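K.L.:
I would like to see how this sequence folds:
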Amino acid sequence: MSKVGDNERIALRLADIQGNILNAYGKQGFPKGRAIFLHVEKGEKGRAFLEKFYDRVTTAVRWKSDNPYAPKAETSAPERPPVTLNFAFTFDGLVALGVPIKTLSMMPAEFLQGMRARAPILGDTSPRGALDRWDDVWKGEETAGGSNAVHIMALLNSKMNPVTGNPVPEMDELTEMIRSECNARGGVRILKGHGVGAEEYQDMSARLMQDPETGHFKPVPLEHFGYVDGISDPVFEGQFLPEDEAVRKVGNGKFTGELKTTQEIENEDNWEPLATGEFLLGYPDEAKEMPPAARPNLFSTNGTFMAYRKLQENVETFDEYIDKTVPEFAKVYGIDDEAKARATLLAKFSGRWQDGVPLALAKNYEEWLAFNAEYQDDVTKRKKLSRFIYADDEQGAACPASSHTRRVHPRDMLGPTPGSGTILVNRRRILRRGLPYDATNDNGERERGIVMLICCASLERQFEFVQQQWINYGMDSNAGNDTCPMLGSRPVDELKFVIPNDPDADGEGAPYICSNLPQFVETKGGAYFFVPSMTSLRMIAIGVIDPT
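P.N.:
Here you go, the predicted model:
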């Protein structure tokens with residue numbers, strides 16, 4: 001801890017933390033990603049493999065950057081590398097690498113079981129046969145200790161060549177180094193079978209926009225349904241420099257006061273960063289406790305858990321449903337322009353207009369246009385996009401209580417009174433990393449979606465709770481058994497999405513009910529990983545861990 005004024009401030013040892021935890025690489029000029037999954041057949045060979053690449057692993061040390069969304073850095077900060085490398089391990093992987101059973105037995109139960117075993121909790125068994133459609137690379141997760149189980153995930157992120165839109169050459173060079181090391185050393189092999197596209201690895205990429213004049217490519221923060229993504233993320237102690245934290249915590253930290261309207265949100269005194277222990281092991285969490293972790297403390301501290309989830313977006317199904325629904329929705333809502341009705345319906349599904357403006361700040365089409373007219377500077381606008389609460393929209397007339405954004409982060413709606421913070425929400429926050437993917441094979445088959453990398457100190461209390469209770473169950477959003485209209489699984493055809501009518505609209509006040517919702521998003525695979533600190537990674541690599 002270091003002293004700052006009259007308050008003690010957590011000073012993180014950034015060089016001991018892997019770099020893909022604190023901040024999303026996609027926002028720091030690395031729009032290209034690649035996940036390579038490895039199986040360890042011989043523990044000593046696996047440890048030697050990690051030793052080989054240890055010095056190439058990217059830490060959380062801040063870089064110099066002219067990206068306005070990247071974290072502020074010290075004046076002595078190093079330059080960004082062309083490509084990053086990080087490692088994470090499944091429970092079976094730690095076993096294969098020789099981590100002592102006494103250490104492993106202290107790991108959380110959900111990590112020991114793995115994502116596939118907990119599919120019913122996550123909604124991944126719906127619709128029927130969903131697990132059978134997972135990519136082949138994940139079929140080895142059916143049996144613990146199987147001969148094709150995923151043990152190690154190597155994550156690469158790289159800069160982009162703006163002329164071609166491809167990763168910089170260092171991405172393929174590092175991939176070839178991993179491939180060659182596996183082939184030459186033996187005992188470690190790359191697992192294949194990632195659905196449509198490349199077999200050896202899962203490629204990811206931000207969506208690209210081509211400049212019509214120069215022909216150059218530029219990454220844009222859109223997912224494949226057309227929404228701006230990655231807008232808000234939790235802010236926790238030690239994550240940013242103090243002056244950066246003061247700005248970012250508003251709307252993304254935790255309430256310390258009580259607000260009546262969204263207009264009061266700008267007061268920085270009402271916000272504090274979340275406790276570090278909600279996201280990194282070895283630090284106090286929001287309950288002032290140390291998160292459960294393996295021993296020795298040195299093995300867990302500065303590490304975290306990660307849920308890797310490949311989510312296929314059924315874009316054609318989504319577009320068809322929206323197109324079919326717009327005419328009737330427009331009639332009920334009293335909107336006489338089809339384009340305006342479509343934009344409004346899309347906003348109701350998400351809780352945000354497609355450019356990211358929350359319905360809490362612009363409840364109808366006219367207010368959305370006015371918002372964009374007022375905030376034309378992109379940096380200023382992006383800052384506003386997280387600064388809102390739901391106290392003045394308690395019934396969801398502007399932003400439906402069951403919309404995606406409001407489900408995954410209810411903000412002030414689960415507190416003792418609207419406008420107040422709550423430990424329930426503060427302890428369910430997750431860090432969202434990852435990138436979209438888009439692959440087409442030689443037969444013209446195309447698959448699009450997002451590779452989600454979800455980091456948190458407790459997979460059960462944070463990720464699984466949000467997935468089960470808020471996305472795939474609707475009690476906290478007064479929606480009964482209805483699931484999230486965009487991300488939820490659909491076990492039965494009767495599930496619906498209720499859109500309360502806007503009291504300022506021309507309709508008669510009746511809600512619009514979207515019925516027979518198709519499956520818009522389908523899980524294609526995933527696993528739970530432990531992301532060790534650099535110290536712990538060294539301990540794993542050299543095979544020296546003393547759990548006493």
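
K.L.:
quick one, phi/psi of Lys254?
P.N.:
Dihedral pair for Lys254: phi -130, psi 150, per degrees, to the nearest 10.

K.L.:
what about it, neighbour count?
P.N.:
By the measure other C-beta atoms under 10 Å, the count of residues near Lys254 is 23. Where C-beta positions appear, they are placed from N, C-alpha and C, glycine not excepted.

K.L.:
how about it, what does it touch?
P.N.:
By C-beta atoms under 8 Å, 6 or more residues apart in numbering, Lys254 lies in contact with Trp271, Glu272, Pro273, Leu274, Glu286, Gly421, Asn426.

K.L.:
Next one: the second one from Pro108, what distance?
P.N.:
Separation of Glu272 from Pro108 (C-beta to C-beta, to the nearest Å): 27 Å.

K.L.:
Ends of stretch 190-197, what's the gap?
P.N.:
Distance between the two ends of stretch 190-197: 16 Å, counting by C-alpha to C-alpha, to the nearest Å.

K.L.:
can you give me how far it is from the chain middle?
P.N.:
How far stretch 190-197 lies from its chain's middle: 22 Å, per C-alpha atoms, centre = their mean, to the nearest Å.

K.L.:
Let me see the mean pLDDT of it.
P.N.:
Stretch 190-197 carries an average pLDDT of 91.

K.L.:
Only the buried residues of that stretch, if you could.
P.N.:
By neighbour count on 16 or more other C-beta atoms under 10 Å, the buried set for stretch 190-197 is Ile190, Leu191, Gly193, His194, Gly195, Val196, Gly197.

K.L.:
And the furthest pair within these?
P.N.:
Ile190 and Val196 (18.2 Å; C-beta to C-beta).

K.L.:
And the buried residues of stretch 190-197, which is closest to His39?
P.N.:
Leu191 (5.5 Å).

K.L.:
So what does the closest one look like in phi/psi?
P.N.:
Main-chain torsions, Leu191, degrees, to the nearest 10: phi -90, psi 140.

K.L.:
Quick check: closest non-adjacent residue to it.
P.N.:
Of all residues not flanking Leu191 in the chain, Phe37 sits nearest, at 4.6 Å (C-beta to C-beta, 6 or more residues apart in numbering).

K.L.:
OK, contacts around Ser151?
P.N.:
For the record, residue 151 is His, not Ser. Leu38, His39, Val40, Gly46, Phe89, Thr90, Asp92, Gly93, Ala96, Leu97.

K.L.:
Next, count neighbours for the third one.
P.N.:
Using other C-beta under 10 Å, the number of residues around Val40 comes to 25.

K.L.:
next one: the strand or helix carrying Asp92 to chain centre, how far?
P.N.:
Per DSSP states H and E: Asp92 is located in helix 91-96. Centre-to-centre, helix 91-96 and its host chain are 24 Å apart (C-alpha atoms, centre = their mean).

K.L.:
Show me what that helix is packed against.
P.N.:
The contact analysis (3 or more C-beta pairs under 8 Å, 6 or more residues apart in numbering; DSSP states H and E) places helix 91-96 against helix 101-104, strand 521-531.

K.L.:
Ok, which of those comes nearest Ala457?
P.N.:
In terms of C-beta to C-beta, the element of the helices and strands packed on helix 91-96 nearest to Ala457 is strand 521-531, at 11.1 Å.

K.L.:
Tell me the helices and strands packed up against that closest one.
P.N.:
With contacts taken as 3+ C-beta pairs under 8 Å, 6+ apart, strand 521-531 sits against strand 83-89, helix 91-96, helix 109-113, strand 304-313, strand 446-456.

K.L.:
Show the contacting residues for Arg80.
P.N.:
Gln28, Gly29, Phe30, Trp63, Lys64, Ser65, Lys159.

K.L.:
Now do the same contact list for the closest residue to Gly186 other than its chain neighbours.
P.N.:
Using C-beta to C-beta, 6+ apart and skipping residues adjacent in sequence, the residue nearest Gly186 is Lys45, 6.2 Å away. Contact partners of Lys45, counting by C-beta under 8 Å, 6+ apart, are Arg185, Gly186, Gly187, Val188.

K.L.:
and the helix or strand hosting Lys45, average pLDDT?
P.N.:
With elements taken from DSSP H and E, the one containing Lys45 is helix 43-53. On average, the pLDDT along helix 43-53 is 97.

K.L.:
any idea how far that helix is from the chain center?
P.N.:
On C-alpha atoms, centre = their mean, the centre of helix 43-53 falls 29 Å from the chain's centre.

K.L.:
and what of stretch 34-44?
P.N.:
So, by C-alpha atoms, centre = their mean, the centroid of stretch 34-44 is 24 Å from its chain's centroid.

K.L.:
ditto for stretch 454-466
P.N.:
11 Å.

K.L.:
OK, contacts around the spatially most central residue of the chain?
P.N.:
Residue closest to the average C-alpha location in the chain (C-alpha atoms, centre = their mean): Arg432, at 2.2 Å. Residues counted as contacts of Arg432 (C-beta under 8 Å, 6+ apart) are Ala24, Gly230, Asp233, Met452, Leu453, Ile454.

K.L.:
thinking again about what came up before, of the contacts of Lys45, which is the most crowded?
P.N.:
Val188 (23 neighbours).

K.L.:
Tell me which of the helices and strands packed on helix 91-96 is the most buried.
P.N.:
strand 521-531 (a mean of 25; mean count of other C-beta atoms under 10 Å).

K.L.:
can I have the helix or strand that that strand is followed by written out in CSV, keeping just the CAs?
P.N.:
Sequence-wise, the next helix or strand downstream of strand 521-531 (DSSP H and E) is helix 534-542. The C-alpha trace of helix 534-542 is given here as CSV (Å, rounded to 0.1, in the frame of the first residue of the first chain):
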residue,chain,number,x,y,z
MET,A,534,4.4,-13.5,-13.4
THR,A,535,5.7,-14.9,-10.1
SER,A,536,3.3,-17.7,-10.2
LEU,A,537,3.9,-18.4,-13.8
ARG,A,538,7.6,-18.8,-13.0
MET,A,539,6.8,-21.1,-10.2
ILE,A,540,4.7,-23.3,-12.5
ALA,A,541,7.4,-23.2,-15.2
ILE,A,542,10.2,-24.4,-12.9
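
K.L.:
Confirm Met204 sits in a helix?
P.N.:
No - going by DSSP: H, G, I helix; E, B strand; the rest coil, the assignment for Met204 is strand, not a helix.

K.L.:
my read: it touches Arg433, true?
P.N.:
No - with contact defined as C-beta atoms under 8 Å, Met204 and Arg433 do not form a contacting pair (10.5 Å).

K.L.:
list the residues that contact both of these two?
P.N.:
Taking C-beta under 8 Å, 6+ apart as the contact rule, Met204 and Arg433 have no neighbour in common.

K.L.:
which one of the buried residues of stretch 190-197 is nearest Tyr473?
P.N.:
Gly195 (28.4 Å).

K.L.:
Can you tell me the closest non-neighbouring residue to the closest one?
P.N.:
Per C-beta to C-beta, 6+ apart, closest to Gly195 is Asp135, 4.5 Å.

K.L.:
Please tell me how far that neighbour sits from Ala119.
P.N.:
14 Å.

K.L.:
Tell me where the model's unsure across the stretch 51-200 of the chain.
P.N.:
Along the stretch 51-200 of the chain, segments meeting pLDDT under 70 span 144, 198.

K.L.:
Kindly recompute the last result at 80.
P.N.:
Residue ranges of the stretch 51-200 of the chain with pLDDT under 80: 141-145, 197-198.

K.L.:
Number of residues surrounding the closest residue to Gln395 other than its chain neighbours?
P.N.:
Of all residues not flanking Gln395 in the chain, Pro500 sits nearest, at 6.4 Å (C-beta to C-beta, 6+ apart). By other C-beta under 10 Å, the residues close to Pro500 number 19.
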